[in-house]
Each structure stands twice: as C-alpha cells, then as structure tokens.
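K.L.:
Structural data only, the sequence is not supplied:
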C-alpha cells in the first residue's frame, strides 16, 4: 500500500457516498464504538491485530440477531483503491451475511491491504484460488438496483457503507 493508493481509495469512496475513517490499532475499539449503531453484529476479524471484543457487537449472530441488527461489522481481505471496492470472503465466520443484511455495513480494512487497481486484485486472487479459495465478493458502494426502472438503494444489501482503515497495519 502506498500513500497514493490510500488517497485514491478515499477519493473513490467519497465519490460513492461511502463514509471513510482512519484509525490506529490502539484507537480501534474507541473509533468503532463511536461509529456502530446498535444493535450490531459482526464477523471475526481474522488476520487482524484488533478484535471486536471491546466493541458493542455480537459475533456469530443468530438469524434473529442478524435481521434485527442496525449495523454489520466485517473485515475485508483486500480493497481496490481505484474503484473503492471491497473484497469480502465467503467464509464460515459469516462475513457475507453480516455485510449484506443490516442497513449499515462497517468494513474494516488494514491499510496494507489496499491494492492500487483491479489488476493487482486479480493477481492476488489468482494465488488465492490456486490455494483453494472458492469464491470472493467484490462490493463497491451501497447496494443499488434499477430492476424496476428507478434506481433504488439498499434493496439487495446495505443502504449505508462506512469504511474504517487501520493505518498502522
């Protein structure tokens, strides 16, 4: 990750009406607590030096908790700076449903995982699929559909997205 990639990422997110916050490992829990609207659910932040333990988030939510949640908090595998895209895993930790069902998705990204472009993401994914990964989701901005004519946001996923970048990871 370069400073330029992070700046490009922030600019792309702004263009998508996605909120953006930078934090550090030490300030992570406090920052996330300020952002999260309760009730909140989350998926474990695998591979991070932070956790959701000190944040008002229920990890491993039941179906009822998931449908009642105002906020879903997940980590992402990588982010694509040029488009503001998030690469979400389909995993047993529930990242995909936690990112989709609540009206607000808070995505946690390590600054070192912000890739400059789709080419870099594709190269990274090539290695992942070779190693046995079966799927990944590219999510860019809020959910939007024009299936019925007019553009409607939040029908097939979150109506709001907030990206939290951990700058010292």
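P.N.:
Yep, that arrived. Values in this document were obtained by computation on a predicted structure and should not be read as measured data. Residues are numbered from 1 along each chain as shown.

K.L.:
what residues are up against the nearest residue to residue 28 once chain neighbours are set aside?
P.N.:
Of all residues not flanking residue 28 in the chain, residue 50 sits nearest, at 4.4 Å (C-beta to C-beta, 6 or more residues apart in numbering). To be clear about C-beta, it is placed using only N, CA and C from the backbone, and glycine gets the same treatment. Contact partners of residue 50, counting by C-beta atoms under 8 Å, 6 or more residues apart in numbering, are 25, 28-29, 108, 166, 169.

K.L.:
correct me, but residue 107 touches residue 163?
P.N.:
Yes - the criterion here is C-beta atoms under 8 Å, and residue 107 meets it with residue 163 at 5.0 Å.

K.L.:
got any residues that touch both of these two?
P.N.:
Between them, residue 107 and residue 163 share the contacting residues residue 86, judged by C-beta under 8 Å, 6+ apart.

K.L.:
if we can go back for a sec, can you say which of the contacts of residue 50 are buried?
P.N.:
Buried members of the contacts of residue 50, scored by 16 or more other C-beta atoms under 10 Å, are 28-29, 108, 166, 169.

K.L.:
Flag the least confident of those.
P.N.:
Among those, residue 169 has the lowest pLDDT, at 79.

K.L.:
So that residue sits against residue 112, correct?
P.N.:
Yes - at 5.9 Å, residue 169 and residue 112 qualify as touching, with contact defined as C-beta under 8 Å.

K.L.:
Among the contacts of residue 50, give me the pair with the biggest separation.
P.N.:
29 and 169 (14.2 Å; C-beta to C-beta).

K.L.:
May I have the secondary structure class of the residue positioned nearest the centre of the chain?
P.N.:
Among the residues of the chain, the one closest to the centroid is residue 107, at 2.6 Å (C-alpha atoms, centre = their mean). Per DSSP: H, G, I helix; E, B strand; the rest coil, the local secondary structure of residue 107 is strand.

K.L.:
So what sits opposite it in the bridge?
P.N.:
residue 74, residue 163 (DSSP bridges).

K.L.:
can you pull the contacts of it?
P.N.:
With contacts taken as C-beta under 8 Å, 6+ apart, residue 107 has the following neighbours: 74-76, 86, 88, 99, 139, 161-164.

K.L.:
can you put these in a markdown table and add distance to residue 63, neighbour count and pLDDT?
P.N.:
Supplementary listing: those in a markdown table, determined by distance: C-beta to C-beta, whole Å; neighbours: other C-beta atoms under 10 Å; pLDDT from 0 to 100:
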| residue | distance to residue 63 | neighbour count | pLDDT |
| --- | --- | --- | --- |
| 74 | 17 | 27 | 97 |
| 75 | 22 | 27 | 97 |
| 76 | 23 | 23 | 97 |
| 86 | 24 | 27 | 97 |
| 88 | 19 | 24 | 94 |
| 99 | 16 | 25 | 94 |
| 139 | 21 | 23 | 91 |
| 161 | 23 | 24 | 97 |
| 162 | 24 | 21 | 98 |
| 163 | 26 | 23 | 98 |
| 164 | 26 | 20 | 99 |
